[in-house]
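> I would like the atomic coordinates for the input below:
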Amino acid sequence: MERCFGSKSKIYADYHDNEWGVPLHDDRDHFELLILEGAHAGLSWEIVLNKRENYRNAFYNFDPKLVAEMTDEQLEDLLQNTGLIRNRLKIYSARKNAIVFLQIQKEFSSFDKYIWEFMNFKMVKNQWESFDDVPVTSIESDNLSKDLKKRGMSFVGSKIMYAYMQSAGMVNDHMITCPKWVVINEK
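Predicted structure coming up:
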């Protein structure tokens, strides 16, 4: 059996083996993943993983309260940070999404409760033999995307939300030939 992503870089392999598809239930981890998946739009995930520590430093270790309070000046300064993806809309969306994230926490008592509700609080356990079979969206990602957009978030399209759901362990899209498929399904 071999890992889903074959022989990618060490950072990608470590991410696959230790994080991808493992169910998330910590709100700060959810917020981190929202910011990183938004930054990922149009780029490879490996680029984002290589910049992850820079994002942690720039966005207060993904504390949504502190990110929500960032000033325009602070966000403009981040556009000069070569350790980040220097896209104005993506940088500013971090603050915008943090504000909505905090509103969701207040309304649902946690972001975790809110987001897992879209999955009826259960992981979808797929059985893919090939990456060609894996969808890029689902009914759940469509509904999640629509709701987050309605609440005011950006960089939360259905494809981004499906990738989020894969990363957050809301769906198990490991190939059935991957050793992690069994481990994740036991969670």
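> can you pull the buried residues of the lowest-mean-pLDDT helix or strand in the chain?
Within the chain, no helix or strand scores below helix 179-185, which has a mean of 85 by mean pLDDT, DSSP states H and E. By neighbour count on 16 or more other C-beta atoms under 10 Å, the buried set for helix 179-185 is 180-181, 184. All C-beta atoms are positioned from the backbone trio N, CA, C, and that covers glycine.
> swap in stretch 73-92?
Neighbour-count burial for stretch 73-92 [16+ other C-beta under 10 Å]: 75, 78, 84-85, 87, 90-92.
> Mind telling me the two of those farthest from one another?
In those, two members sit farther apart than any others by C-beta to C-beta. They are 75 and 85, at 13.3 Å.
> And the least confident helix or strand of the chain, how far out from the chain middle?
20 Å (C-alpha atoms, centre = their mean, to the nearest Å).
> go on, stretch 94-105?
14 Å.
> CA atoms only: put it into PDB for me.
This file holds the C-alpha atoms of stretch 94-105, laid out as PDB (Å, rounded to 0.1, in the frame of the first residue of the first chain):
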ATOM      1  CA  ALA A  94      -8.500  36.900   6.800                       C
ATOM      2  CA  ARG A  95      -9.900  39.800   8.900                       C
ATOM      3  CA  LYS A  96     -13.300  39.700   7.200                       C
ATOM      4  CA  ASN A  97     -13.600  35.900   7.800                       C
ATOM      5  CA  ALA A  98     -12.300  36.200  11.400                       C
ATOM      6  CA  ILE A  99     -15.200  38.600  12.200                       C
ATOM      7  CA  VAL A 100     -17.800  36.200  10.700                       C
ATOM      8  CA  PHE A 101     -16.000  33.300  12.400                       C
ATOM      9  CA  LEU A 102     -16.500  35.000  15.800                       C
ATOM     10  CA  GLN A 103     -20.200  35.700  15.000                       C
ATOM     11  CA  ILE A 104     -20.700  32.000  14.200                       C
ATOM     12  CA  GLN A 105     -19.000  30.900  17.400                       C
END
